[in-house]
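> After the sequence you'll find the predicted model.
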Amino acid sequence: MEPAEITIGALRLRPWRPGDAGAVAKALSDPEIRRWTRTRAGDPGRWIADRAAGWADGSSASFAITDATTGEVLGHVRLRVGDAGAPAGAGAAGVGYWILPAARGRGAAAHALGAVARWAFTRTDLSRLELRHSVENPASCRVAQKAGFPLMEVLDVPFWGDAGSGVELHLHTLVRE
């Protein structure tokens, strides 16, 4: 996949840059982000390099969610091809996101997620996007539904966040029309 930029209203989605290391460091150490995602404390430069590698090898498309006017990093949204529990090449991708604490509650996650879904369905051969989150995370359920991802089922699987293992996950699926 070729790295892309998307502008939607007050948001600009763009590939991660080395200069974003400070925002990534905040995210990697944020307790709420760590609670609900696979994101772990580590080297921000390496994290950014891994996102660039995903674009290069076609395994993922990672976007920094930024304020279109100021350029401030607000969060992250990522497509991971083959990450939706489907066999590789089945046209499925998993989606995930996080929002930095100062940007929460402003609708950035739902707008960015919806924009990336539209981009994926028009610029890639993907036909299905899946978002999974803990049933104990109602904010993610609201984000998914606002972005057009209906709740499809509840899965009883180990969860990867600090919340522990063996929790139930909501599965939201958006299918190309």
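Received it, and whenever you're ready, just let me know what you need. Residues are numbered from 1 along each chain as shown.
> Helices along this protein, start to end?
Using DSSP state H, the helices of the chain run over residues 21-29, 31-36, 44-57, 108-123, 138-146.
> what sits up against the first one?
Residues from elsewhere that reach helix 21-29 (C-beta atoms under 8 Å, 6 or more residues apart in numbering): 16, 33-34, 39-42, 44-45, 47-48, 64, 73, 75-76, 98, 100-101. Yep, even glycine has a C-beta here, placed from its N, CA and C like the rest.
> Tell me the buried residues in it?
Using 16 or more other C-beta atoms under 10 Å as the test for burial, helix 21-29 gives 21, 23-25, 27-28.
> Below-threshold pLDDT in the protein: ranges please.
41, 83-89, 157-167 (pLDDT under 70).
> same thing but 90
Low-confidence segments of the chain (pLDDT under 90): 1-2, 32-42, 81-92, 132-137, 151, 153-174, 176-177.
> Does residue 150 touch residue 175 like I think?
No. If you go by C-beta atoms under 8 Å, residue 150 and residue 175 don't touch, sitting 9.4 Å apart.
> So for the two, which residue has more residues nearby?
residue 175 (14 against 10; other C-beta atoms under 10 Å).
> With distance to residue 169 added, can I get the buried residues of helix 21-29 in TSV?
Listed next are the buried residues of helix 21-29 as TSV, based on distance: C-beta to C-beta, whole Å:
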residue	distance to residue 169
21	31
23	27
24	25
25	28
27	21
28	22
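> Go through these and name the one nearest residue 128.
Nearest to residue 128 among those, counting by C-beta to C-beta, is residue 27 at 27.1 Å.
> Between the helices of the chain, which one is closest to residue 6.
Nearest of the helices of the chain to residue 6, taken as C-beta to C-beta: helix 108-123 at 5.1 Å.
> Buried residues in the closest one, which are they?
Buried residues in helix 108-123, defined by neighbour count with 16+ other C-beta under 10 Å: 108-117, 119-121.
> go on, stretch 62-72?
The neighbour-count check on stretch 62-72 (16+ other C-beta under 10 Å) flags 62-66 as buried.
> measure it end to end?
16 Å (C-alpha to C-alpha, to the nearest Å).
> what's in contact with it?
Here stretch 62-72 makes contact (C-beta under 8 Å, 6+ apart) with 6-7, 9-17, 20, 23, 51, 54-55, 73-79, 97, 99, 103, 108-109, 112, 116.
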